[in-house]
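okay, sequence plus prediction incoming.
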Amino acid sequence: MKVMAWLVGIVLAVLLVAAIAIPVLLPLETLVDELKHRVKRDTGYELAMQAPSVSVFPSLVIALEDISLAAPVAGAGPTMSIGQADLNIAWSSVWRGEIAVERFSLSDWVLDLRSPMATPA
């Protein structure tokens, strides 16, 4: 019985350390900077967002807030804005060194389909 209690204690300790370490060890700022750079390079659009937050219990969730995508035209407003985007990631994929998004949800989003190149009449 004592062995079982020790095993449960060790598992709980490992989970606690992981819950504290994963948000600290994930290079989220680097990933966001790389994403912004690639969007700019590939589309010319400017991507802006707040620093992401991470939740590890009961599932791994990366939350992005105040996201906007602006056309490269001076004075044009955002082409797209999203209040919050949540990515639920499967823990099993993290252990394999991959990212498998189980659920992707958007809230408070607006998409402006007007052409940024069009001039007002």
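Yes, it's here.

all strands of this protein, in order?
For the chain, the strands defined by DSSP state E occupy 46-48, 53-55, 60-70, 78-89, 101-111.

what is the last one packed up against?
It refers to strand 101-111. Packing partners of strand 101-111 (3 or more CB pairs under 8 Å, 6 or more residues apart in numbering; DSSP states H and E): strand 78-89. For the C-beta atoms, the positions are set from N, CA and C on the backbone; glycine is no exception.

buried stuff in the strand it packs on?
By 16 or more other CB atoms under 10 Å, the buried positions in strand 78-89 come out as 78-82, 85-87, 89.

with distance to residue 1 and mean pLDDT added, can I get the strands of the chain in TSV?
Below are the strands of the chain laid out as TSV (distance: least, CB to CB, whole Å; pLDDT from 0 to 100):
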stretch	distance to residue 1	mean pLDDT
strand 46-48	55	89
strand 53-55	34	82
strand 60-70	33	88
strand 78-89	36	87
strand 101-111	37	89
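
got a markdown table for those, with distance to residue 10 too?
As requested, the strands of the chain are exported to a markdown table (distance: least, CB to CB, whole Å):
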| stretch | distance to residue 10 |
| --- | --- |
| strand 46-48 | 43 |
| strand 53-55 | 24 |
| strand 60-70 | 21 |
| strand 78-89 | 25 |
| strand 101-111 | 28 |
